[in-house]
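Visitor: Take a look and give me a structure for this.
(2 chains)
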Amino acid sequence: MAHNRVLQWATFARSWWIYDAYHQCPFESAKRLCIFLQGQHKPIYHPLSDIGDHVVVINTKDISMKNEYWRKWRFHHHTGYPGGYSQTSAWRLHDLDDTKILHKAVYSRLPGNLLRRRMMRRLHLFPDTEVPDDILQNVTDQIRQVQLIPKPIHKYSKEDIDNFPKLFDWPEEYVIDYSKKKKDEDTEKYF
Amino acid sequence: MFLTFLNFASRQGGADIQWKRHMYKRIAWSYYGRKRNCFRLSIRTIERALRYSTNSGKPKREYYNNIVKIRLEAACWEHGVLYDEFLKTLDESSIQLNRTTLQHLAIYEPRTFQSLCDFTVKRQGELGLKAATTTTPSGVLTRGML
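Guide: Residues are numbered from 1 along each chain as shown, chains lettered A, B, ... in the order given. This is a model prediction of the structure:
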């Protein structure tokens, strides 16, 4: 058993993962990314030992947020000086930097100990699929996405929509899309 | 008022009191400064230390149990088994290994742990639960897409 000594090297090796953030919630994604950054996916996990992996995240500019979060979710900042408080809405921060929202989501999710900065340095964020070769060649496996990407209605063909089983047809007067509403001449008169 | 006798009695103490003090001194042997030798000073620190050790029993247990849980979840995830299903199946099959032992197996004897995971998958297949435990992969990315 000459090589038994080196069998455990793979256990402590730092591997690289890739994650596609296309149409994914940044906060739900952060939960999953933190597991890999902290090394909670390894049986040798301990909160004080530095055994986290590298995570490469692509398509961060295409993250999605639910409900009104793009308008209403706010990121806070304080410089430490009097009057140094400021807050920014999510869409505005995303305009300034495509990777900032995911960065902040992961940073606030990680435990606030001395390992946090070191773990954040192993998180590589890219706004699109253009990743430098020296980073991409290390990647060995991928992290599964947290949510299913919904297929929008315009991606379905006409046949699929027509063949979709339905119980009844809407009456012609029923307004589904307001912009396509026919103008009623009788009511137009009064305006 | 004649208090000399009382003072004398309290300072001298009996054999029992001396033994009790000896008990505290055994705890204070590693302290620094006068609280190591002076009883009235050391008793303050000792009582606080004993209080801390009593109160920290539950949080300490929770902390270590949580680490064991995370490790076992990770070990199960490597073999595509769910943690809860894994423990439940082992319990129902009367494989009497506790979580600490399972965690040690996962770290030091990974092949043994893998065999337990394989057993779980097989057992769930026999019961017809395999379909319930496996999920369809979504968002799978291949190298050709980049």
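
Visitor: how far out from the middle of the chain is stretch A:177-191?
Guide: Computed by Cα atoms, centre = their mean, to the nearest Å, the chain-centroid distance of stretch A:177-191 equals 42 Å.

Visitor: next one: stretch A:77-90
Guide: 25 Å.

Visitor: End to end on it, go ahead and measure it.
Guide: With Cα to Cα, to the nearest Å as the measure, stretch A:77-90 spans 13 Å from end to end.

Visitor: which other residues reach stretch B:25-32?
Guide: Contact with stretch B:25-32 is made by B:35-36, B:39, B:42, B:45-46, B:49-50, as judged by Cβ atoms under 8 Å, 6 or more residues apart in numbering or on different chains. Yep, even glycine has a C-beta here, placed from its N, CA and C like the rest.

Visitor: and it, what's its mean pLDDT?
Guide: For stretch B:25-32, mean pLDDT is 94.

Visitor: try stretch A:66-73
Guide: 93.

Visitor: And for stretch A:167-176?
Guide: Here stretch A:167-176 scores 84 as its mean pLDDT.

Visitor: thinking again about what came up before, among the contacts of stretch B:25-32, who's most crowded?
Guide: The member of the contacts of stretch B:25-32 surrounded by the most neighbours (other Cβ atoms under 10 Å in any protein chain shown) is residue B:42, with 21 neighbours in all.

Visitor: Quick check: it vs residue B:34, distance?
Guide: Look at residue B:42 and residue B:34: by Cβ to Cβ, to the nearest Å, they are 8 Å apart.

Visitor: so which of the contacts of stretch B:25-32 comes closest to chain A?
Guide: The nearest member of the contacts of stretch B:25-32 to chain A, counting by Cβ to the nearest Cβ, is residue B:49 at 23.3 Å.

Visitor: give me the element the closest residue to the closest one other than its chain neighbours is part of.
Guide: Of all residues not flanking residue B:49 in the chain, residue B:27 sits nearest, at 7.3 Å (Cβ to Cβ, 6 or more residues apart in numbering or on different chains). Residue B:27 belongs to helix B:15-28 when assigned by DSSP states H and E.

Visitor: Identify all contacting residues around the helix or strand just after that helix.
Guide: Next helix or strand after helix B:15-28 toward the C-terminus (DSSP H and E): helix B:39-55. Outside of helix B:39-55, the residues within contact range by Cβ under 8 Å, 6+ apart are B:21, B:24-25, B:27-28, B:31, B:34-36.

Visitor: All the helices of chain A, residue numbers only.
Guide: Listed in chain order, the helices of chain A (DSSP state H) span A:9-12, A:26-38, A:69-72, A:90-96, A:100-109, A:116-121, A:133-136, A:158-163, A:185-188.

Visitor: mind exporting the helix-or-strand element of chain A with minimal mean pLDDT as CSV, just the C-alpha atoms?
Guide: In chain A, no helix or strand scores lower on mean pLDDT, DSSP states H and E than helix A:185-188, which sits at a mean of 70. Only the C-alpha atoms of helix A:185-188 are listed here, as CSV (Å, rounded to 0.1, in the frame of the first residue of the first chain):
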residue,chain,number,x,y,z
GLU,A,185,-66.9,55.0,-30.1
ASP,A,186,-69.9,55.7,-27.9
THR,A,187,-67.8,56.3,-24.8
GLU,A,188,-65.1,58.2,-26.8
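
Visitor: Give the residue spans of chain B that score low on pLDDT.
Guide: Low-confidence segments of chain B, defined by pLDDT under 70: B:1-13, B:129-146.

Visitor: Thanks a lot, see you next time.
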